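J.: based on what follows, work out the 3D shape:
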Amino acid sequence: MTSIPLIGEAVAVAAEPRLAGAKIGVVTFPGTLDDRDAARAVRLAGATAVPLWHGDSELGDVDAVIIPGGFSYGDYLRAGAISRFAPLMSKIIDAANSEAKLPVLGICNGFQILTESHLLPGSMIKNDHLKFICRDQTLRVENANTAWTVDYTDGQEIIVPLKNQDGQYIADEKTLDALEAEGRVVFRYVGFNPNGSRRDIAGISNAAGNVVGLMPHPEHAVEAGFGPEAGLSGSAGEPRDTDGLGFFTSVLTKIVGGDK
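T.: As a prediction, this is how the structure comes out:
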C-alpha cells in the first residue's frame, strides 16, 4: 500500500546528485501568499530554496528566481504595478536581460509583475466575468523548450490549480501575432477559458525563453495526494496531482546544462 505523506512533510523526489547545489530564489512582497508553496516545490524538485525580500539590493548567487502569486500591495493601482518598482526587481530585470539570461518564473501575481516590468509583453486585467475564480485547470504545453518547460513535451496536457481575479491576458493583435509566430505562447487553456484571456493564452515567454509567466499555479500540484484529481483530461483515474512539478525540475535541468 502506498503511503501518502502528511501535510507539512516535504518529501523530495529522487533528485540527481548534480542538482543538489542549485539555488532557486523565491521573492516575497507585502501581500505575497504563495512564497512558501513555491519554496516547497523547489525543495520537492531537489534544489535549495533561497528566500528573497522585495527590498533586497542584491540577488546573491541564486541560479534562478520565482516570483510567486498573491496580492502584492493589495493589487492597488494595478496588480503588480507597485511591485515592479521594488529594489530587487531592478536586479531581476538586469539579470534576466543579461548575457547569462537568469531563468525567471512569474506565477499569477508574479506574471502580472513581469508584464508591469516589461520583461513580458501585454497586460493583465480583470476576468471577463468580473469574479474571482478558483478551479483545477487543464493546460496544453505549447512550447517545451523554455527554461521552465523542458521536462514536458509539446502538446502535453497538464492539470494545475488556478485562482485569480485579474487573470485576463490582453495584448494588441500585432503582439499576439508575434507571440504565436515566435513560439512564445507557452501554455494555453484547454476546454474552458476561465478569464477571457486572448487566444486562450495561459502563459508566455520572452524571446530567449528564460522568462516565463503564467496565471495558473503549478506549485500547488507537486505532491502526491495534495493536487488536482484525475478526470479533467486524460484517462480516468490517472494521477494528476504532480503535474506542476515539471516546472521546477525543468529549470534544474537547464541549470545543469541538460538542454533538450
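
J.: what about Ala221, distance to Arg36?
T.: Using CB to CB, to the nearest Å, Ala221 is found at 16 Å from Arg36. Every residue, glycine included, has its C-beta placed from N, CA and C.

J.: between the two, which has more neighbouring residues?
T.: Legend: neighbour count by other CB atoms under 10 Å for Ala221 and Arg36, higher for Ala221 (24 against 15).

J.: what residues are up against the more buried one?
T.: Applying CB atoms under 8 Å, 6 or more residues apart in numbering to Ala221 gives the contacts 158-161, 227-228, 240-245.

J.: what of Arg140?
T.: With contacts defined as CB under 8 Å, 6+ apart, Arg140 is in contact with 155-157, 187-188, 190.

J.: just put these in a markdown table and tack on pLDDT.
T.: Formatted as a markdown table, the contacts of Arg140 follow (pLDDT from 0 to 100):
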| residue | pLDDT |
| --- | --- |
| Gly155 | 98 |
| Gln156 | 97 |
| Glu157 | 97 |
| Phe187 | 98 |
| Arg188 | 98 |
| Val190 | 97 |
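
J.: between the residues you listed, which is closest to Gly203?
T.: Phe187 (3.7 Å; CB to CB).

J.: distance between the helix or strand bottoming out on mean pLDDT in the chain and the chain's centre?
T.: The helix or strand of the chain with the poorest confidence is helix 245-255; it has a mean of 94 (mean pLDDT, DSSP states H and E). Relative to the centre of its chain, helix 245-255 is centred 11 Å away, using CA atoms, centre = their mean, to the nearest Å.

J.: mind listing the strands for the stretch 1-150 of the chain?
T.: Along the stretch 1-150 of the chain, counting by DSSP state E, counting those that start in this stretch, strands occupy 23-28, 48-53, 64-67, 104-107, 123-125, 133-141.
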